[in-house]
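Enquirer: Here is my input; please provide its structure:
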Amino acid sequence: MISVIAKLKVSNSDEVNMEELLKVLRTKSLTEHGCFLYELSKKQYETLIEYIIFELWTSEEALEAHFLTEHFTHFECDSKHKILESSVEKFEYIKN
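Expert: Below is the predicted model:
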């Protein structure tokens, strides 16, 4: 299993639109083969919003396939001018 933590920062003025885009991405991602978990959180600052996306995928192959889906490429296209800063980190999931 692969854990992914993505962080996105956007202007307060883009909050509503970004949340709509993220919710669509989450809903469609959860239907993908290999997507075990897809959670969204946010923190509001004075002039911006920081989103944290926590994902859990069954394999690296499933995650790579996710990046090629229509809904992911649609999200990238629609959000690229709204995102002020971003980072994505992958981790190996530790099982009990």
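Enquirer: Who are the contact partners of His66?
Expert: If a contact means C-beta atoms under 8 Å, 6 or more residues apart in numbering, then His66 has Ser29, Glu32, Gly34, Cys35, Trp57, Phe72 as its contacts. Using the backbone N, CA and C atoms, a C-beta is placed for each residue, glycine as well.
Enquirer: how about 7 Å then?
Expert: Ser29, Glu32, Cys35, Phe72 (C-beta atoms under 7 Å, 6 or more residues apart in numbering).
Enquirer: Among those residues, which one sits closest to Leu22?
Expert: Ser29 (10.1 Å; C-beta to C-beta).
Enquirer: Any idea how many residues pack against the closest one?
Expert: Other residues lying near Ser29 total 20 when counted by other C-beta atoms under 10 Å.
Enquirer: What pLDDT is listed against it?
Expert: You'll see Ser29 listed with a pLDDT of 97.
Enquirer: Repeat that for Lys95.
Expert: Confidence for Lys95, expressed as pLDDT, is 85.
Enquirer: Count the residues that sit near the nearest residue to it once chain neighbours are set aside.
Expert: Of all residues not flanking Lys95 in the chain, Met1 sits nearest, at 7.3 Å (C-beta to C-beta, 6 or more residues apart in numbering). Number of residues near Met1 (other C-beta under 10 Å) recorded here: 16.
Enquirer: didn't Met1 look like it was pressed against Ala62?
Expert: No. Taking C-beta atoms under 7 Å as the definition, Met1 is not a contact partner of Ala62, at 9.6 Å.
Enquirer: if we can go back for a sec, out of the contacts of His66, flag the one nearest to Lys9.
Expert: Phe72 (19.4 Å).
Enquirer: Spell out which helix or strand contains that closest one, please.
Expert: According to DSSP states H and E, Phe72 maps onto helix 70-79.
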